[in-house]
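Colleague: No letters, just coordinates:
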């Protein structure tokens, strides 16, 4: 499976606005388990602002759909909240990475 990693940054002063927007977005676009599942959601404060890390494991054949859904949602935040920034990246999970090398992954 493929992992999608989203990194989000926004100013400290926008925290309440982002939190309210997040609640609105969850109601508008509830998680869809047919795409995959969220594994990690973490938030931290940095000197540059708030940083959010989200990691999802995506089901086979759903990477493009999941990425599009995430980009559309994050772009809505960015259009409404000044200095909201996001980055989406894809990674192979360890089993997929070993397959590319023609090897069996180590036992978990």
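Modeller: Here it is on my side, so go on. If you're wondering where the values come from, they're calculated on a predicted model, not measured in any experiment.

Colleague: Find the nearest non-adjacent residue to residue 62, please.
Modeller: Closest residue to residue 62 apart from its sequence neighbours, by Cβ to Cβ, 6 or more residues apart in numbering: residue 35 at 4.8 Å. For the C-beta atoms, the positions are set from N, CA and C on the backbone; glycine is no exception.

Colleague: neighbours of that neighbour, just the number please.
Modeller: 20 (other Cβ atoms under 10 Å).

Colleague: so it makes contact with residue 68?
Modeller: No - look at residue 35 against residue 68 with Cβ atoms under 8 Å: they stay out of range, at 10.2 Å.

Colleague: Which single helix of the chain contains the most residues?
Modeller: Determined from DSSP state H, the single longest helix within the chain is helix 63-80.

Colleague: Direction included, what does the next helix or strand after it pair against?
Modeller: Once helix 63-80 ends, the next helix or strand along the chain (criterion: DSSP states H and E) is strand 85-92. Strands adjacent to strand 85-92 in the sheet, as given by DSSP bridges, are strand 2-10 (antiparallel).

Colleague: In a helix, residue 18, correct?
Modeller: Yes - under DSSP: H, G, I helix; E, B strand; the rest coil, residue 18 falls within a helix.

Colleague: There's contact between it and residue 78 in this structure, I believe.
Modeller: No - with contact defined as Cβ under 8 Å, residue 18 does not count as touching residue 78 (10.8 Å).
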